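# Any chance you can model this:
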Amino acid sequence: MTVSHEIADLARRFALSQSQAAALDDYVELLAGWSRGNLTGLRGRDDIVETLLADSLALLDVSALRERDRAAWLDLGTGAGIPGIPLAVALPGVRLTLMEASTRKCAFLEEAVVLAGLAGRVDVAHARSESFAAAGRPGRESFAVVVARAVAPLVSLVELAAPLLAEGGVLAASKTGKALALEAGAARAAAPLCGLEPGSVVPLPLSPLGDAVCAVFTKIAATPERLPRREGLATRRPLAG
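Have a look, this model is predicted:
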């Protein structure tokens, strides 16, 4: 299996096997050549590999994720599959749901899952979290991990992730240190209202973003019955500000 120089370098940095590197190479090829609209705002393979894949795989340094590497995960607002697809390739024991509200992006994700060899343990959910995690729905309190990157302010992610997480599960939100400094206070205030407890902030030294960190929250109590609220309220009217 021959892979690009950029993917081979990435594989060395993150101790990936040849087959894992090949899966990522196929994923990048599909993403870079997708003819039905740009999904990421990035144009070249190099930018996709370094900006998206490397930043996603940097989350492998988060011990709370490594401890749950044979559990059910959900990538909240996955977009083009970031960080979920690279993490699923790197962690073959993970069962992953890629949740995305955009029909156009879900069409890409369905193809990407097959091309990257992830069919059978990675599903695509065309949904918003508020409906997917509503009382009686299959997503409610079903996941050991919710990951999120570049989706929403942290206070909104806390509210959206809480109904998806089983007790003992974790939200792992990838942020820059600058963004976290602005968002952490409101998120910490909202956490106990959602059954979550703020945890560690883990530096991500292998991310290309320089000051990348992962904010970890743990689910310590059942989801309050009033959550999730109506679609969009977590962003428009956060629980704490």
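# which strand of the protein spans the most residues?
In the chain, with assignment by DSSP state E, the single longest strand is strand 165-176.
# Give me the buried stretch members for that strand, please.
For strand 165-176, burial by neighbour count (16 or more other C-beta atoms under 10 Å) applies to Leu165, Ala166, Gly169, Val170, Leu171, Ala172, Ala173, Ser174, Lys175, Thr176. Just so you know, the C-beta spots here come from the backbone N, C-alpha and C atoms, and that holds for glycine as well.
# which pair in the residues you listed spans the largest distance?
Across the buried residues of strand 165-176, the longest distance by C-beta to C-beta is 28.6 Å; it joins Ala166 and Thr176.
# who does the longest strand of the chain pair up with?
Using DSSP bridges, the strands paired with strand 165-176 are strand 143-149 (parallel), strand 212-219 (antiparallel).
# got the CA positions of that strand in PDB?
Output of strand 165-176 as PDB, limited to C-alpha atoms (Å, rounded to 0.1, in the frame of the first residue of the first chain):
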ATOM      1  CA  LEU A 165     -23.700  10.900  27.500                       C
ATOM      2  CA  ALA A 166     -24.200   7.900  29.700                       C
ATOM      3  CA  GLU A 167     -23.200   8.500  33.400                       C
ATOM      4  CA  GLY A 168     -19.400   8.200  33.700                       C
ATOM      5  CA  GLY A 169     -19.000   9.400  30.100                       C
ATOM      6  CA  VAL A 170     -17.000  12.400  29.000                       C
ATOM      7  CA  LEU A 171     -17.200  15.300  26.700                       C
ATOM      8  CA  ALA A 172     -13.900  16.100  25.000                       C
ATOM      9  CA  ALA A 173     -14.000  19.500  23.300                       C
ATOM     10  CA  SER A 174     -11.100  20.500  21.200                       C
ATOM     11  CA  LYS A 175     -10.300  24.200  21.500                       C
ATOM     12  CA  THR A 176      -7.500  26.700  21.300                       C
END
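# so how far is Asp55 from the nearest residue to Lys219 once chain neighbours are set aside?
Distances taken as C-beta to C-beta, 6 or more residues apart in numbering put Leu165 closest to Lys219, at 4.1 Å, once the chain neighbours are dropped. Applying C-beta to C-beta, to the nearest Å, the value for Leu165 to Asp55 is 23 Å.
# Equivalent analysis for Leu160, please.
Distance from Leu160 to Asp55, by C-beta to C-beta: 21 Å.
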